[in-house]
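Trainee: Any chance you could fold what I've pasted below:
(one chain, ligands or ions: 2)
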Amino acid sequence: MANAAFSLARRLRAGETVYSAWCSLPEPLVCEAIAREGFGAVVIDMQHGMWDEPSALQAVSYVHLAGAAPIVRVPLWHNSLVSRMLDWGAEGIIAPMINGEAEARAFVQAAKYPPVGERSVGAHRAAMVAGVSDQKLYIAEANTTTLTFAMIETQAALDSLDRIAAMPGIDVLFVGPGDLSLSLSNGATLDPHSAAVEGGLEKVLAACARHGKIPGLFCRDAERATEKARSGFRFLTVGSDLTFLRAGTAAQLKAL
Ligand code: 3PY
Ligand code: MG
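Mentor: Ligands and ions are numbered 1, 2, ... in the order given. Below is the predicted model:
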């Protein structure tokens, strides 16, 4: 494989379970420090995190430097950033609120080269981080060496699950349990662990099994992530830079 430096797709497509860090603070060194502790991947969250484009570019580079896979969550319906972040070396893109076939198709069009999508050529930085001398070599494999994560986080998305999962070019169904809990309770409850969310998780696992896609889930902590890995999820994000920082600080202060 020419894009040998891209590890995440290879690992997930081989059936491995991958735990990922999640970073909101716009500080590339934090991503690097967390990656160097041993996470296989780091999400740079441009939807609710505080990243801008220059800081995200640096973070993508630093995560690669640490030997992990950078994944970027783009802001809501921001498909112009999808290929931009892939061009800068991201190994995967998380797109929020993929609520139906139309959103899934637009995401694939931005993320995958023809014949699957319409990603435009210009992957000069990605070719460098992939370790190849010419973007032609990166492009020849990019549809399989990079990943699309379609966020399932509404009732509408659950209603369209088979159409989203069946779409060529959608690689991972990634559940956002917070938004899903709000949607399933019609705005009444924010509870990522509610019974209604648990029911949704079962549906996502079943749809992934039917269509050969990878199930993923945002998890509050390691306990939740390992529990859900046992039930079949294979891409699990664990806490965040901010929650780790606050919890570590609070524990020290408590000890004082
Ligand atoms: C959600 O839980 O809705 C998410 O998007 C995770 O960040
Ligand atoms: Mg969400």
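
Trainee: Sketch out the low-pLDDT regions of the protein for me.
Mentor: Residues of the chain that meet the criterion pLDDT under 70 lie in 1-2.

Trainee: could you dump the longest helix along it to CSV, C-alpha only?
Mentor: When the chain is scanned for its longest helix (criterion: DSSP state H), the result is helix 195-211. This file holds the C-alpha atoms of helix 195-211, laid out as CSV (Å, rounded to 0.1, in the frame of the first residue of the first chain):
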residue,chain,number,x,y,z
ALA,A,195,-32.9,3.7,27.1
ALA,A,196,-34.0,5.4,23.8
VAL,A,197,-30.4,5.9,22.8
GLU,A,198,-29.5,2.3,23.7
GLY,A,199,-32.3,1.2,21.4
GLY,A,200,-30.8,3.4,18.6
LEU,A,201,-27.3,1.9,19.2
GLU,A,202,-28.8,-1.6,18.6
LYS,A,203,-30.2,-0.4,15.3
VAL,A,204,-26.9,1.1,14.2
LEU,A,205,-25.0,-2.1,15.0
ALA,A,206,-27.6,-4.1,13.0
ALA,A,207,-27.4,-1.7,10.0
CYS,A,208,-23.6,-1.8,10.0
ALA,A,209,-23.7,-5.6,10.1
ARG,A,210,-26.2,-5.7,7.2
HIS,A,211,-24.2,-3.3,5.0
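
Trainee: so what does that helix touch, helix or strand wise?
Mentor: For helix 195-211, the packing partners by 3 or more C-beta pairs under 8 Å, 6 or more residues apart in numbering; DSSP states H and E come out as helix 155-159, helix 161-166, strand 172-175, helix 177-184, strand 214-219. Glycine gets a C-beta too; all of them are placed from N, C-alpha and C.
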